[in-house]
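**Student:** got a predicted model here, sequence first, then my questions.
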Amino acid sequence: MSAYDPAALECLAAIVEEGGFERAARRLSITQSAVSQRLRALEAQVGTVLIVRSRPLKPTAAGQLLLKHTKQLRLLRADLERDLRDLAPSSTGGMREDERVAIAVNADSIATWALPALGTLAKQGLPMELITDDQDFTHEWLREGQVLGCVTTLKQALRGCKVVGLGAMDYIAVASPQWKPAQGTGLTAHNFRDVPFVSFNRKDDMQSEFIAKAFGLRRVSLRQLFVPSSEGQVRAVLAGWGVSVVPELLVRGLMEQGQLVDALPGQRLPIELYWHCWNLQSEVLDALTQALVSTASQALAQH
């Protein structure tokens, strides 16, 4: 098998990551025509189409394999840069900004413990890109080869990957002290359907799962408002929009200050989180894994 042109591989990655040829051209500082030419040359070498020209653009199965290969090359370069810095601390070299090391992390982890975990690596110059998605879907980014690791609820390791348990994030239902449902009581099995719940987005089933577990129901239907931000959900609750099921870690301080109250005392939903990453020998992957596991062991519940 002939070697693939690194510039063409990065061109493919830019098209997918930027969502189009024009933005890929701007990122790579080349013309849009040059982007098309590099992609056509790569497709000719592989012998198949690599990009589905849809909206949004999507890689084909072959495109996903080459995208994963490209990110593995980035990881090798990141390892090389770390080794060179150890040998020559005064070196000013580094990975290019368009060669970011991408990982997928759920929004609630980003809002609570994940950023402190990754802070040291960011300050060391590792050009990270955090992709946010629901914790039940972040592993799809890894499965498709678009990230090198993810924080997810999936326990079983994906093919070619290794998995490490992080701990459980405890979720509780919170409301503002002034909030009351129509009947003037707290949440019950009889009134929760009349209460507006602030959810992250339409993928978010945390609210329904929490209520189903609390009241022993198999299926529930809720009135929902959507705010696609963990911190935004909390602000909406503070403003009196309704109830939201959020990480206890995120609202602990607000509850201690009396700005939020537990809408269903005694009920909590632990969500186990796991770190998945490619099963490769890599100092960068090892550093990411160590940083996430170490911080999670202190911030999350360990059952």
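**Tutor:** On my side now, so go ahead.
**Student:** low-confidence ranges in this protein?
**Tutor:** Within the chain, the ranges that satisfy pLDDT under 70 run 1-2, 85-99, 180-185, 303.
**Student:** so where's the longest strand in it?
**Tutor:** strand 161-175 (DSSP state E).
**Student:** need the helices for the stretch 51-200 of the chain, in chain order.
**Tutor:** Shown for the stretch 51-200 of the chain, the helices assigned by DSSP state H, counting those that start in this stretch span residues 61-87, 107-109, 115-123, 138-143.
**Student:** domain assignment for the protein?
**Tutor:** Here the domain parsing of the chain from automatic domain parsing is 1-86, 169-271.
**Student:** reformat those domains as CSV; add distance to residue 139 and mean neighbour count.
**Tutor:** Yep, even glycine has a C-beta here, placed from its N, CA and C like the rest. Formatted as CSV, these follow (distance: least, CB to CB, whole Å; neighbours: other CB atoms under 10 Å):
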stretch, distance to residue 139, mean neighbour count
domain 1-86, 14, 16
domain 169-271, 13, 17
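**Student:** hang on, the earlier thing: off-centre distance for the longest strand of the chain?
**Tutor:** Remark: strand 161-175 is offset 13 Å from the chain centroid, using CA atoms, centre = their mean, to the nearest Å.
**Student:** endpoints of stretch 220-227, how far apart?
**Tutor:** End-to-end span of stretch 220-227 (CA to CA, to the nearest Å): 20 Å.
**Student:** give me the most central residue, the chain.
**Tutor:** Nearest to the mean C-alpha position of the chain, by CA atoms, centre = their mean, lies residue 105 at 2.3 Å.
**Student:** how much space between the closest residue to residue 149 other than its chain neighbours and residue 3?
**Tutor:** Computed as CB to CB, 6 or more residues apart in numbering, the closest residue to residue 149 that is not its neighbour in sequence is residue 277, at 3.5 Å. According to CB to CB, to the nearest Å, residue 277 and residue 3 sit 26 Å apart.
**Student:** do you know how far residue 271 is from residue 136?
**Tutor:** Applying CB to CB to residue 271 and residue 136 gives a distance of 9 Å.
**Student:** what of residue 167?
**Tutor:** As judged by CB to CB, residue 167 and residue 136 stand 17 Å apart.
**Student:** what about the two, which has more around it?
**Tutor:** Shown here are residue 167 and residue 136; by other CB atoms under 10 Å, residue 167 has more neighbours (20 against 16).
**Student:** against residue 117, how distant is that one?
**Tutor:** 12 Å.
**Student:** on that earlier part again, helix, strand, or coil at the residue nearest to residue 149?
**Tutor:** Residue 277 carries the three-state label strand when classified by DSSP: H, G, I helix; E, B strand; the rest coil.
**Student:** going forward, count from 52.
**Tutor:** All set: I'll call the first residue 52, so the last point we hit is now residue 328.
**Student:** tell me where the stretch 152-301 of the chain has strands.
**Tutor:** Assigned by DSSP state E, counting those that start in this stretch, the stretch 152-301 of the chain shows strands spanning 152-157, 179-184, 200-203, 212-226, 247-250, 274-277, 295-298.
**Student:** please consider this matter closed, and thank you.
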